[in-house]
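**Student:** can't give you the sequence, but here's the structure:
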């Protein structure tokens with residue numbers, strides 16, 4: 001198959017490209033680095049020529065919730081319109097478990113909700129793949145607030161997934177038929193975000209004092225089981241401990 005990957009140079013996109021190519025698919029990377037601008041639509045028609053399916057693993061820059069909704073809404077709309085013109089038969093969107101149980105969360109969550117709305121109402125057959133937070137999310141979340149070796153972080157309960165594991169799922173889904181909303185995809189074990197950040201920083205040799213609090217980007221609307229996978233979730237194999245043992249990469 002000929003499959004385009006949006007966000008092909010990012011953490012999950014690059015891994016998805018690798019798995020698709022290993023399985024013998026022709027992959028078209030879509031990013032500004034190859035001359036495609038999703039905000040304007042420049043280069044999209046040429047990039048999608050002959051493409052069977054599109055995997056959207058794009059992320060937004062660190063901007064406000066309203067700006068993130070506008071950014072991801074605009075890029076998604078341009079993408080879907082170009083897919084119609086190109087005759088693309090399957091749009092696969094990477095999303096996040098639990099974001100519909102809350103109104104808040106990070107700016108990124110707000111943007112993902114807008115992406116889901118556009119895809120669900122759009123003209124291209126689709127699959128939305130909701131994943132839990134990635135194994136590297138805890139250290140990333142702590143880095144948002146780190147100042148002079150001190151970072152605040154929410155005591156959030158998550159069931160994290162290895163980046164390679166979710167990329168494999170996306171590659172598998174992309175070559176199949178559209179499925180609508182896919183089951184939640186999660187790692188094998190619940191974890192506390194504060195402990196995850198501490199252990200990741202230890203492996204990476206970072207000396208950061210962590211202060212647990214809900215007064216930050218991750219608020220109390222995400223407390224409890226909100227961000228955990230629902231029933232009949234697909235459980236990926238790689239544990240957080242195994243990811244750490246491999247160097248937290």
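**Tutor:** Yes, it's here. Note that the structure is a prediction, hence the values are computed from the model and not measured. Numbers count the residues shown, from 1 in each chain.

**Student:** going forward, measure contacts and count neighbours with C-alpha atoms only.
**Tutor:** Fine.

**Student:** Could you pull out the helices in the chain for me?
**Tutor:** 11-22, 44-47, 65-86, 107-121, 137-143, 163-174, 193-204, 240-245 (DSSP state H).

**Student:** Out of these, the one nearest residue 231 is which?
**Tutor:** For residue 231, the closest of the helices of the chain is helix 163-174, at 18.0 Å, according to C-alpha to C-alpha.

**Student:** quick one: average pLDDT of the closest one?
**Tutor:** Per-residue pLDDT over helix 163-174 has a mean of 97.

**Student:** Looking at this protein, which residue reaches furthest from the middle?
**Tutor:** Distance from the centre of the chain peaks at residue 148, with 29.0 Å (C-alpha atoms, centre = their mean).

**Student:** quick one: the residue nearest to residue 85 when sequence neighbours are not counted and residue 56, what's the gap?
**Tutor:** Spatial nearest neighbour of residue 85, chain neighbours left out: residue 45 (7.6 Å); criterion: C-alpha to C-alpha, 6 or more residues apart in numbering. To residue 56, residue 45 is 16 Å away according to C-alpha to C-alpha, to the nearest Å.

**Student:** Settle it for me: which of these two has more neighbours?
**Tutor:** Using other C-alpha atoms under 10 Å, the more surrounded residue of residue 45 and residue 56 is residue 56, with 24 against 17.

**Student:** Tell me who's in contact with that one.
**Tutor:** Contacts here follow C-alpha atoms under 8 Å, 6 or more residues apart in numbering; on that basis residue 56 touches 5, 6, 7, 91, 92, 93, 94.

**Student:** thinking again about what came up before, what distance do you get for the residue farthest from the centre of the chain to residue 209?
**Tutor:** Distance from residue 148 to residue 209, by C-alpha to C-alpha: 9 Å.

**Student:** go on, residue 138?
**Tutor:** Distance from residue 138 to residue 209, by C-alpha to C-alpha: 14 Å.

**Student:** Settle it for me: which of these two has more neighbours?
**Tutor:** When residue 138 and residue 209 are compared for neighbours, residue 138 comes out ahead with 25 against 16, by other C-alpha under 10 Å.

**Student:** What does the pLDDT read for the nearest residue to that one once chain neighbours are set aside?
**Tutor:** Nearest residue to residue 138 in three dimensions, chain neighbours excluded: residue 197, at 4.7 Å (C-alpha to C-alpha, 6+ apart). For residue 197, the pLDDT comes out at 96.

**Student:** swap in residue 61?
**Tutor:** Residue 61 is assigned 76 on the pLDDT scale.

**Student:** From residue 122, how far off is it?
**Tutor:** Separation of residue 61 from residue 122 (C-alpha to C-alpha) stands at 24 Å.

**Student:** So if I had to pick from those two, which one is more boxed in?
**Tutor:** residue 122 (16 against 12).

**Student:** Can you report phi and psi for the more buried one?
**Tutor:** Note on residue 122: backbone dihedrals following degrees, to the nearest 10 are phi -80, psi 180.
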